[in-house]
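In: following is a predicted model, sequence given first.
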2 protein chains.
Amino acid sequence: MTMPQLGPVTLADLQAPILPRLARVDDEMRRMIEEDFPLITEVNQHLLRMRGKMFRPTLALLADEATGGPTPRAATFAAILELIHLATLVHDDSVDHSTLRRGMPTINAAFSHQISVIMGDFLYSRAVVEAVRLEDLDALRIIGRVTNEMTVGEMRQLLAHEPLEFTEEQYDLLIRAKTASLISGACEVGALAGDPAHRAALARFGERLGMAFQITDDLLDYTADARVTGKPSGLDLREHKVTLPLIHALPRFTSSQRLTVEALMQTAEPDEGMIAEVVAAVGEAGGLDYARDRASQLMAEADEALQGLPASVARETLRASLGYVLERRR
Amino acid sequence: MTMPQLGPVTLADLQAPILPRLARVDDEMRRMIEEDFPLITEVNQHLLRMRGKMFRPTLALLADEATGGPTPRAATFAAILELIHLATLVHDDSVDHSTLRRGMPTINAAFSHQISVIMGDFLYSRAVVEAVRLEDLDALRIIGRVTNEMTVGEMRQLLAHEPLEFTEEQYDLLIRAKTASLISGACEVGALAGDPAHRAALARFGERLGMAFQITDDLLDYTADARVTGKPSGLDLREHKVTLPLIHALPRFTSSQRLTVEALMQTAEPDEGMIAEVVAAVGEAGGLDYARDRASQLMAEADEALQGLPASVARETLRASLGYVLERRR
């Protein structure tokens, strides 16, 4: 098992082979959320401007093409998955009282907390309606399962604030549920029309990729600055979120470093100095290197999962998505 | 079309013919929400203590028996519908910042706002997983549709605070989406195993029953006192919610009465005197009589929808549920 040689990859590189189909996903999303009620129309317009880079639809379409596609319904499934992703973002922002996402006001900030709870439910139930319409029980099973797993992940997240009690095993369960489940589901749904063995391989690919994706995201919080990530470094620490670098570093801390972490966790609004001190200590104790290694290992496992697929542009593009995740700066 | 002669009916009367099956619904609900994560287990225990009188499962089981049942899976569908009902209550309480439901602290009050948003999502996605497990696309279509309709109803509710703009037509759309859709869905899902003509009849029965249910609920706010309803009379007015009695009364108000309503709607915390004045004005202008007549008319339509069903204890019990809704004092 060796790590593939991956150069810097942009999302545009990954999307180049499937651009017309991504436009179809976009059309499908617009159709799905349409509703003849002015307030919903208004929120929908905001949502479509706020919506993301279509990473999950990209994976679903590539998985489809790597397993015998293009199949026409893959674009509809991809739109359903992005709708579910959007629903979770809307509820997450509401739960976290976030005010900005991708440089735009969140739904709770631009409208209200009430509207963000209801509209998250609207998006999710609309996604279910559309999934049922396709009459594919395998896809429905995947969609139901990953959506429920994400809620369990969100509950786990609420308890990830106790550095002395939150273990690496719990962190793995958290990121698998919160992030990897939907990414894995996107890859698996994309592979539904193909060979069942390929379906399992793509589910595994997506799970490892999704875990690496979250670890990289958590690492960025320790390494990047606001100019690059669009959010200030150390935000997780500021919010008392314990992630892999700190979990690994903590047992290696000096007692004075450990006291600093405990003080930070008990300070409602820790200052820059305190955060910088913990960030430095985590680096010194090898927490960042460890998390990087763990991400690389997951990437290698993801790459290995693709080995059994027939050679194709889509398969190579899926491999290249590993490079994108590794190099990702949002 | 004549209104049936209905005496006072209790929920226990309606449930008597199906008690063992309701116990099975309860078991199914417990099974469905089980999750091996302590915080979720804790919230679930609270939810099960808070859960309601199983009116929707009762209707689903009666509809099943009135259309050729008992079919074993009807109890599972009934549990799924009650789970969806519970999910909407959890989110509604969170959106409304309610602190009590059925005499118990709400999830947002007993735990947190975050937990109530996430656990509502947990319950709803778990309901979808269970519905998919039964592999019945007709049921899935109904469940998806009514869940989405309820969210649209919640959005409509947000705009029901402008007495001069909120029409009876909009009120009908609101109560149909917010309340009648799930009650209608429960009756329709119960009838899935039977004759398709009976399915349509039960959907219609449930819709009319559900609309009458909501109108009766809205009337109670004008007529009952705290001792009977468990909530203070005039709560809707206090929260600036416009319902049918006021909609009908408003064009019949004197200009001084109209000014009082406008003042109330602009007062953040209207006092008892102000509320009592508007309650009295609504009564004088015939708003309560009108809402009562409208509920009776819907009841008669519900009753008529049952005429084509074969005679059975279950059909008569469904008819009796009209009396329960009419006499309901929570």
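Out: Yep, it's here. Not measured: the values here are computed from a predicted model.

In: low-scoring pLDDT stretches of the stretch 201-330 of chain A, where are they?
Out: Where the stretch 201-330 of chain A drops to pLDDT under 70, the residues are A:225-232, A:329-330.

In: contact residues of it facing chain B?
Out: Applying the criterion C-beta under 8 Å from any C-beta of the partner chain, no portion of the stretch 201-330 of chain A neighbours chain B. To be clear about C-beta, it is placed using only N, CA and C from the backbone, and glycine gets the same treatment.

In: can you tell me the residue of the stretch 201-330 of chain A closest to chain B?
Out: Nearest residue of the stretch 201-330 of chain A to chain B (C-beta to the nearest C-beta) works out as residue A:239 at 12.4 Å.

In: ok, now which ones touch the closest residue to residue A:70 other than its chain neighbours?
Out: Counting by C-beta to C-beta, 6 or more residues apart in numbering or on different chains, residue A:64 is the residue found nearest to residue A:70 once chain neighbours are left out, at 6.1 Å. For residue A:64, the contacting residues are A:70, A:71, A:74, A:190, A:191, A:193, A:314, by C-beta atoms under 8 Å, 6 or more residues apart in numbering or on different chains.

In: find the nearest non-adjacent residue to the residue of the stretch 201-330 of chain A closest to chain B, please.
Out: That would be residue A:96: by C-beta to C-beta, 6+ apart, it lies 7.9 Å from residue A:239.

In: and the closest residue to residue A:132 other than its chain neighbours, how many residues sit next to it?
Out: Among residues not flanking residue A:132 along the chain, residue B:140 sits closest, at 4.5 Å (C-beta to C-beta, 6+ apart). If you count neighbours by other C-beta atoms under 10 Å in any protein chain shown, residue B:140 ends up with 25.

In: ok, now which ones touch residue A:116?
Out: With C-beta under 8 Å, 6+ apart, residue A:116 has these contacts: A:90, A:91, A:93, A:94, A:106, A:107, A:108.

In: residue in the stretch 151-300 of chain A nearest to chain B?
Out: For the stretch 151-300 of chain A, C-beta to the nearest C-beta, closest residue to chain B: residue A:151, 4.0 Å.

In: what's the helix or strand for the closest residue to that residue other than its chain neighbours?
Out: Among residues not flanking residue A:151 along the chain, residue B:122 sits closest, at 4.0 Å (C-beta to C-beta, 6+ apart). Assessed by DSSP states H and E, residue B:122 sits inside helix B:113-133.

In: buried ones in that helix?
Out: Going by neighbour count (16 or more other C-beta atoms under 10 Å in any protein chain shown), the buried part of helix B:113-133 is B:113-132.

In: host element of the residue lying closest to residue A:215 once chain neighbours are set aside?
Out: Distances taken as C-beta to C-beta, 6+ apart place residue A:295 nearest to residue A:215, at 4.5 Å, with adjacent residues excluded. If you go by DSSP H and E, residue A:295 is part of helix A:287-305.

In: who are the packing partners of that helix?
Out: When contacts are defined as 3 or more C-beta pairs under 8 Å, 6 or more residues apart in numbering or on different chains; DSSP states H and E, helix A:287-305 packs onto helix A:196-223, helix A:244-249, helix A:313-327.

In: surely residue A:88 meets residue A:150?
Out: Yes: Residue A:88 is in contact with residue A:150 according to C-beta atoms under 8 Å; the separation is 5.7 Å.

In: now for those two: what residues contact both?
Out: When contacts are counted by C-beta under 8 Å, 6+ apart, residue A:88 and residue A:150 are jointly contacted by residue A:182.

In: higher neighbour count, the two?
Out: Taking other C-beta under 10 Å, residue A:88 and residue A:150 do not tie; residue A:150 has more neighbours (26 against 20).

In: what are the ranges of the strands in the stretch 1-150 of chain A?
Out: Secondary structure of the stretch 1-150 of chain A by DSSP state E, counting those that start in this stretch: the strands cover A:100-101, A:104-105.

In: which one of those lies closest to chain B?
Out: Nearest to chain B, of these and by C-beta to the nearest C-beta, is strand A:100-101 at 16.3 Å.

In: centre of the chain to that closest one, how far?
Out: Here strand A:100-101 is found 16 Å from its chain centre; the criterion is C-alpha atoms, centre = their mean, to the nearest Å.

In: same question for stretch A:172-186.
Out: Counting by C-alpha atoms, centre = their mean, stretch A:172-186 comes out at 8 Å from the chain centroid.

In: neighbouring contacts of it?
Out: Contacts of stretch A:172-186 (C-beta under 8 Å, 6+ apart): A:55-57, A:59-60, A:63, A:78, A:81, A:84-85, A:88, A:142-143, A:145-147, A:149-150, A:152-154, A:156-157, A:160, A:203-211, A:213-215, A:217.
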